[in-house]
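# Give me the fold of what follows.
(one chain, ligands or ions: 1)
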Amino acid sequence: MLIPPDVPLSPRAFEFLANLVYERSRIRLGPDRQSLVASRLRQRVQSLGLGDYEDYCALLRAPGGEDEIDSLIDLISTNHTHFFREPAHFDLLTRHLLPRLAEGTKSSLRQLRFWVAAASSGEEAYSLAIVLGEFCRTHPWLRWQIDASDISQRMLERCRQGIYEEEKVELPVGEWRQRWFQRGIGERVGCLRVKQELRRHVVVHWVNLFQDTYPVPRGLDVIFCRNVMIYFDVPSRTHLVARLTEMLAPGGYLFVGHSESLIGIRHGLVSVWPSVYMKPE
Ligand SMILES: C[S@@+](CC[C@H](N)C(=O)[O-])C[C@H]1O[C@@H](n2cnc3c(N)ncnc32)[C@H](O)[C@@H]1O
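Now for the predicted structure:
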């Protein structure tokens, strides 16, 4: 049984939760999010056998509450994503950026490095992997790796599995489904799994974008950090863009969401396309 919807999340409890979430993830929960927070936490509070949200706040404050903070952020984060979201970015990569980046590695056989830094359940990282898989059909010597990360363990587990409901796998080219996915059998009928030949290029990590150091090497060719900065305030975005810039190789690219231009943020990148930036060489 769930906590009845009439058990309120008091302003004091909401303020405590919003401050904690901000301190850990920089996700800003404005006052208009109070009922959303209550509905996302109701089931969790109940499953822990607690009576109300005040008890939940007490658990988070108590020694040992640290693990529960991860679950709180997991429940609060918005994870919406889908395959080939904002498709112009993938076209740009295929037509213009990958040929240039690949040319730069041809003589050294250095591998191209990509980081999908708010990967949610993985559709964005595997869209990129498909684009790279397709590109390699004409550039078979190219070596590449994608690091995919997120703050939500729940989403990362789905990312690792790479299994999606068939009707949600919408791809711009019909034959890619057959080439890059395998059909589920038995209890997985109706699902598609990204083939191992793509999955082996995708390394999944838990990363909070505001942690001190990242488990991803510097000198990256491309970072996707899309549709997450909208949840952060301007000082946090400014700090994050500076950190991501440090992670890029000279001549590397940062992709942000279409509604997340870096206008109003001080940064050292060059705008090369709507919502795509390059670190000067
Ligand atoms: C709306 S999804 C965007 C997914 C994907 N990038 C896309 O464009 O489709 C935002 C993701 O950012 C993650 N996120 C939020 N705050 C984060 C933080 N501080 N560090 C890492 N990931 C974070 C959330 O867990 C969520 O999965």
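
# residues in contact with residue 161?
Residue 161 makes contacts with residue 193, as judged by CB atoms under 8 Å, 6 or more residues apart in numbering. Using the backbone N, CA and C atoms, a C-beta is placed for each residue, glycine as well.

# Quick check: pLDDT value at it.
Model confidence at residue 161, expressed as pLDDT, equals 97.

# From residue 190, how far out is it?
With the distance defined as CB to CB, to the nearest Å, residue 161 ends up 15 Å from residue 190.

# Show me what from the stretch 151-281 of the chain comes close to the ligand.
Proximity of the stretch 151-281 of the chain to the ligand, by CB under 6 Å from any ligand atom, involves residues 151, 152, 155, 207, 208, 209, 210, 226, 227, 228, 231, 257.

# one more time with 5 Å
Within the stretch 151-281 of the chain, the positions lying close to the ligand (CB under 5 Å from any ligand atom) are 151, 152, 208, 209, 226, 227, 228.

# next one: the stretch 1-150 of the chain
If contacts are counted using CB under 5 Å from any ligand atom, the residues of the stretch 1-150 of the chain sitting beside the ligand are 25, 77, 79, 80, 81, 85, 118, 120, 124, 150.

# State whether residue 22 and residue 16 are indeed in contact, as I suppose.
No: under the criterion of CB atoms under 8 Å, residue 22 makes no contact with residue 16, lying 11.0 Å away.

# The two: which is more packed in?
With other CB atoms under 10 Å as the criterion, residue 22 and residue 16 differ in neighbour count, and residue 16 comes out ahead with 18 against 15.

# residues near the closest residue to the more buried one other than its chain neighbours, how many?
Here the nearest residue to residue 16 in space, its sequence neighbours aside, is residue 57; by CB to CB, 6 or more residues apart in numbering that works out to 5.1 Å. A count of nearby residues for residue 57, using other CB under 10 Å, gives 22.

# is it true that residue 57 lies in a helix?
Yes: in this structure, residue 57 lies within a helix as judged by DSSP: H, G, I helix; E, B strand; the rest coil.

# That one and residue 46, how far apart?
Taking CB to CB, one finds residue 57 at 15 Å from residue 46.

# Ok, residue 155 next?
22 Å.
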